[in-house]
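Colleague: got a structure for you, letters missing:
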């Protein structure tokens, strides 16, 4: 086996070469992916940092590499490395020592191996057994090396592993599913909670990609984001915390997008996710307010089975007035504010809050926005018709009772 220094130099060279799809494809065609995964699973931390960065870059530039890495089961060692010392509080035997027990790592490894299916057949690769109970003295040496490594090296490894998972999950339902079939989702949530900087951001962006995949795939949505799933609850809790407690547009936007992607997973009683999104309609950063409107559209749109209940909840959380203010923003903000307002009119048109806020005149005065976006015209016309129909009936009844 090559020395660690040689491995680091080789990984660094490949990283520099892998800066576009064509060059990445050459590495893939030369059977480079299995070698890279092998080194990732059986090297010292400093080598793993370089190799995880290489995985991230190759997956970013080439979807074929993205798929090949998944077939070679790269997600398992990435999640295992990312989870190292993350679940300390879950293991009473190691709470005082501050280190993750090797037993918990083995269990994570076993779960990932059991869930790694390729074409319905378990994929087994001997070199991927990162923390095998039978690996003897090498395991003990690796454990001591990891525990004695500098904190900044451990953090750097987690940053690169999280980036690799982000790039592997990007626009990939199958890879997102593989991550959720491990302890990856829970690990990502815990790191978003505890960490800051690049590690927190990379973990959050991975969650954003997984939730986007879940939005497009009902099977993944039902499997990974069941309301009684501890991992799903942990993810949602952290997303809401970022939305409510931070003043960082980058993190807030990613968290808001993730909640929006999960809109169809929340029951009507789960209104705790609506309030924080409504609050962000008044955010001083227009891009954050706009993303909040887009996320709320996914709750209130006709494709959401609970659109009426969610629309009423948006109104009850006082979302109408800040939404009307969005109509005075830039074109993108106006567009998404208007769409959400139309959904509220269609699905909660009998709300007095809509009449008191004079939503009908606001929709009737939206001519310029509609002209700029012809696809909006039909939606606005329907919303105006619905409000006119209801308000005309209300006024007629009032006149009958109060002549």
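Modeller: Done, it's in. Predicted, not measured: the structure shown is a model, and the values here were computed from it.

Colleague: any weak-confidence spans in this structure?
Modeller: Residues of the chain meeting the criterion pLDDT under 70: 1, 87-146, 367-369, 371, 391-403.

Colleague: what ranges does it have for its strands?
Modeller: Using DSSP state E, the strands of the chain run over 117-118, 121-122.

Colleague: now residue 303. Nearest residue, chain neighbours left out?
Modeller: With C-beta to C-beta, 6 or more residues apart in numbering as the criterion, residue 303 has its nearest non-adjacent residue at 8.0 Å, and that residue is residue 264. C-beta coordinates here come from the backbone N, C-alpha and C atoms, glycine included.

Colleague: thought residue 73 was touching residue 37?
Modeller: Yes: here residue 73 lies in contact with residue 37, judged by C-beta atoms under 8 Å, at a distance of 7.0 Å.

Colleague: between these two, which one's more packed in?
Modeller: Neighbours around residue 73 and residue 37, counted as other C-beta atoms under 10 Å, are more numerous at residue 37. The numbers are 25 against 22.

Colleague: care to break the chain down by domain?
Modeller: 1-223, 225-403 (automatic domain parsing).

Colleague: separation between residue 211 and residue 254?
Modeller: With the distance defined as C-beta to C-beta, to the nearest Å, residue 211 ends up 10 Å from residue 254.

Colleague: compare neighbour counts for those two and give me the winner.
Modeller: The neighbour count for residue 211 versus residue 254, taken as other C-beta under 10 Å, is higher for residue 211 (30 against 23).

Colleague: mind listing what the more buried one touches?
Modeller: Contacts here follow C-beta atoms under 8 Å, 6 or more residues apart in numbering; on that basis residue 211 touches 225, 235, 257, 258, 259, 261, 262.

Colleague: count the residues that sit near the last one.
Modeller: Okay, so that is residue 262. Residues contacting residue 262 under the criterion other C-beta under 10 Å number 24.

Colleague: hmm, it is touching residue 233, no?
Modeller: No: using C-beta under 8 Å, residue 262 makes no contact with residue 233, being 11.6 Å away.

Colleague: anything in contact with each of these two?
Modeller: By C-beta under 8 Å, 6+ apart, no residue touches both residue 262 and residue 233.

Colleague: distance check, residue 347 against residue 338.
Modeller: Distance, residue 347 to residue 338, by C-beta to C-beta: 15 Å.

Colleague: what about the residue nearest to residue 272 when sequence neighbours are not counted, distance to residue 287?
Modeller: Closest residue to residue 272 apart from its sequence neighbours, by C-beta to C-beta, 6+ apart: residue 240 at 7.0 Å. Using C-beta to C-beta, we find residue 240 at a distance of 19 Å from residue 287.

Colleague: ditto for residue 337
Modeller: Remark: distance between residue 337 and residue 287 (C-beta to C-beta) = 13 Å.

Colleague: ok, those two, which is more surrounded?
Modeller: residue 337 (29 against 15).

Colleague: go ahead and confirm the more buried one touches residue 327.
Modeller: Yes: with contact defined as C-beta under 8 Å, residue 337 reaches residue 327; the gap is 5.2 Å.

Colleague: buried stuff in stretch 264-278?
Modeller: For stretch 264-278, burial by neighbour count (16 or more other C-beta atoms under 10 Å) applies to 264, 265, 266, 271, 273, 274, 275, 276, 277, 278.

Colleague: next: stretch 309-317.
Modeller: Within stretch 309-317, the residues scored as buried using 16+ other C-beta under 10 Å are 309, 310, 311, 312, 313, 314, 315, 317.

Colleague: before we move on, what about stretch 355-367?
Modeller: In stretch 355-367, counting by 16+ other C-beta under 10 Å, buried: 355, 357, 359, 360, 362, 363, 366.

Colleague: which residue is the nearest non-sequential neighbour of the fourth one?
Modeller: This means residue 360. Distances taken as C-beta to C-beta, 6+ apart put residue 387 closest to residue 360, at 4.6 Å, once the chain neighbours are dropped.

Colleague: was I right to think that neighbour contacts residue 342?
Modeller: No: the criterion here is C-beta under 8 Å, and residue 387 misses it with residue 342 at 9.8 Å.

Colleague: which of those two has more neighbours?
Modeller: residue 342 (26 against 23).

Colleague: measure that one to residue 384 for me?
Modeller: Counting by C-beta to C-beta, the separation of residue 342 from residue 384 is 9 Å.

Colleague: you'd agree residue 168 is up against residue 72?
Modeller: No: judged on C-beta under 8 Å, residue 168 makes no contact with residue 72 at a distance of 11.3 Å.

Colleague: more neighbours: these two, which one.
Modeller: residue 168 (28 against 21).

Colleague: list the contacts for that one?
Modeller: With contacts defined as C-beta under 8 Å, 6+ apart, residue 168 is in contact with 55, 59, 66, 69, 70, 74, 75, 78, 175, 179.

Colleague: next: residue 162.
Modeller: 82, 188, 191, 199, 202, 203, 206.

Colleague: one more time with 7 Å
Modeller: Neighbouring residues of residue 162 by C-beta atoms under 7 Å, 6 or more residues apart in numbering: 82, 199, 202, 203, 206.

Colleague: just the residues you listed: which are in helices?
Modeller: Counting by DSSP state H, the contacts of residue 162 place 82, 199, 202, 203, 206 in helices.

Colleague: touching, the fourth one and residue 188? I think so.
Modeller: Yes: Residue 203 lies in contact with residue 188 (C-beta atoms under 7 Å); the separation is 4.6 Å.
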